[in-house]
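Asks: fold the following.
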Amino acid sequence: MGGTESRETQPRSLPKSSAASGSTATEIGPPTAAVRFLRYVRTPRRPRFVVELALVALSYWVYSLIRNAVPNRESLAMERAWQLLDFEKTLHIDIEYSINHAINKVTWLIVGMNYYYATLHFVVTIGVLVWLFHWHPGRYGAVRWVLFITTALALFGYFFYALAPPRLLPGAGYIDTVLVHETWGSMASGDMKNVSNQFAAMPSMHIGWSTWCALAIWKFARPLWVRVLGLLYPLLTLTVIMATGNHFLLDAVGGWVTLAAGFAIQRLVFARSAYRFPRYTPDDPRSEEYRARTASEDVPGGGATDSQREPAGVSSPSP
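Replies: So this is what the prediction gives:
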C-alpha cells in the first residue's frame, strides 16, 4: 500500500523546469496591446521627417480646432479674471499693469514685443523641434511627447477655466497694445478675434512652450552662450505676455504647472525621463552601437571580438 501511494502521488509533483515552463506559458502569454504600445514608445527609433511633419501639423490643427471651439462664456471669463486679479493683489504680485503701461511708452519696444508675441511662439518651438530631430534623434520622440502632452492638458484648462486676458477687462485700465499701435501681433485682437477664442488665457502656452524650448536647449546644446540664451527665452516671453496685456502672471504659473504635468506623464509612460534617452538610435550611423556593429562585420571570419561586442550595449553619451 505504501508503495502504491508513493507511486500515485509522484506525478503530482513536477520537476522545477517543467513547473517553471508551465508557469511561464500560463502566466505570461502573449503581450497585451498596452504592453506592446509601451514597448514601442519606450524604444528609441529614428524619426521620419514626413511622418513627423504630418504629425506636428495635424496635432496643431486639432489643438487650434478644439481651443477655438471651446465656448467663450464671456461673463464667466470676466468674473474669473477679476477674481484672479484680486488674488494677485492679495499676494502683492499684480505687476501686469505697471509693466503694460511702462513698456507701452517706448513705441519701438512694445511694437517689437507685439510681433514677438505673434511669431516667436511658433518659430522658436518649430526650430527646436527641427534641431532635436536632426541632432538628437534618439531623444526627439520622448521630448516631443512632452510638448504634445502639455498642449493637450492645456485644452482642459481652456474648457474648464475660461479666463479673460487683462486687456479685455473693462475699466481695469490695461492697454491692448496691438490695437493701440495698429500692429499685427495677436490672434485675439483686431479682425482675427472672430476666429480665435479670446478667453483661452489659462494656462499660458506661450510660457509652457518657451520653457519646454529652454529646457531642451539647456540640456542638449553645447555652447554656453546658446544655453544661456535658451534660459532667457521664457523670461523674456513672460515680460512680453504681460507687457502686451495678454496674460496675468498666474497664467504663466499655470503654464509651468501644465508643463510639469506633461513631464510627469511622459516619465510614467516611458519609464524614464525624456532627457535620459541616448542621443542617437542604434541604427543611426553616428551612434556607437552602429559603429561597433559595422566594425564587427569587418572582422575576418565574420565574428566579433569581446572588446568589439561590449560597446554595442553602451548608449551614446549626452553632449
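Asks: I figured Leu250 hits Asp86, correct?
Replies: No - counting by Cβ atoms under 8 Å, Leu250 does not reach Asp86; the two are 11.4 Å apart. Heads up, the C-betas are built off the backbone N, CA and C, glycines and all.
Asks: residues near the residue nearest to Thr211 when sequence neighbours are not counted, how many?
Replies: In space, and not counting its chain neighbours, Thr211 is closest to Pro234: 4.5 Å by Cβ to Cβ, 6 or more residues apart in numbering. Pro234 has 23 neighbours, counted by other Cβ atoms under 10 Å.
Asks: Pro234 and Leu109, how far apart?
Replies: Per Cβ to Cβ, to the nearest Å, Pro234 is found 19 Å from Leu109.
Asks: picking that back up, what about Leu250 and Asp86, which has more around it?
Replies: Leu250 (21 against 10).
Asks: what's near enough to touch the more buried one?
Replies: By Cβ atoms under 8 Å, 6 or more residues apart in numbering, the contact set of Leu250 is Leu84, Phe87, Glu88, Ile93, Met202.
Asks: per-residue confidence for Phe159?
Replies: Note for Phe159: predicted pLDDT of 88.
Asks: tell me which element it falls in.
Replies: helix 137-160 (DSSP states H and E).
Asks: packing partners of that helix?
Replies: When contacts are defined as 3 or more Cβ pairs under 8 Å, 6 or more residues apart in numbering; DSSP states H and E, helix 137-160 sits against helix 49-69, helix 107-135, helix 205-220, helix 249-270.
Asks: contacts only, for Glu74.
Replies: Ala164, Phe199.
Asks: now it: how far from Lys89?
Replies: Taking Cβ to Cβ, one finds Glu74 at 23 Å from Lys89.
Asks: rewinding a little: out of the helices and strands packed on helix 137-160, which is closest to Glu182?
Replies: For these, the distance to Glu182 is smallest for helix 107-135, at 9.4 Å, taking Cβ to Cβ.
Asks: what's the neighbour count on Ser210?
Replies: 28.
Asks: can you offset everything so residue one is 43?
Replies: Taking 43 as the first residue, the last one we looked at is Ser252.
Asks: quick one, what contacts it?
Replies: So Ser252 contacts His163, Val166, Thr167, Tyr275, Pro276, Thr279 (Cβ under 8 Å, 6+ apart).
Asks: rewinding a little: next, the buried residues of the helix holding Phe201.
Replies: Neighbour-count burial for helix 179-202, counted by 16 or more other Cβ atoms under 10 Å, picks out 179-197, 199-200.
Asks: residues contacting Ser246?
Replies: So Ser246 contacts Ile283, His289, Asp293, Ala294, Gly296, Gly297 (Cβ under 8 Å, 6+ apart).
Asks: any idea how far stretch 151-160 is from the chain center?
Replies: 25 Å (Cα atoms, centre = their mean, to the nearest Å).
Asks: show me what counts as buried in that stretch.
Replies: Neighbour-count burial for stretch 151-160, counted by 16+ other Cβ under 10 Å, picks out Ile152, Val153, Met155, Asn156, Tyr158, Tyr159, Ala160.
Asks: just the CA trace of stretch 191-199, in PDB.
Replies: Taking Å, rounded to 0.1, in the frame of the first residue of the first chain, the C-alpha atoms of stretch 191-199 are listed here in PDB:
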ATOM      1  CA  ILE A 191       1.000  66.100 -23.700                       C
ATOM      2  CA  THR A 192       1.400  69.600 -22.200                       C
ATOM      3  CA  THR A 193      -0.500  71.100 -25.100                       C
ATOM      4  CA  ALA A 194      -3.300  68.600 -24.700                       C
ATOM      5  CA  LEU A 195      -3.600  69.200 -21.000                       C
ATOM      6  CA  ALA A 196      -3.900  73.000 -21.700                       C
ATOM      7  CA  LEU A 197      -7.100  72.300 -23.500                       C
ATOM      8  CA  PHE A 198      -8.700  71.100 -20.300                       C
ATOM      9  CA  GLY A 199      -7.800  74.500 -18.700                       C
END
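Asks: residues making contact with that stretch?
Replies: Residues from elsewhere that reach stretch 191-199 (Cβ under 8 Å, 6+ apart): 101, 105, 108-109, 112, 244-245, 247, 250-251, 254, 296-297, 300-301, 303-304, 307-308.
Asks: equivalent analysis for stretch 257-272, please.
Replies: So stretch 257-272 is contacted by 170, 174, 177-178, 181, 185, 255-256, 273, 275, 317, 321, 360-361 (Cβ under 8 Å, 6+ apart).
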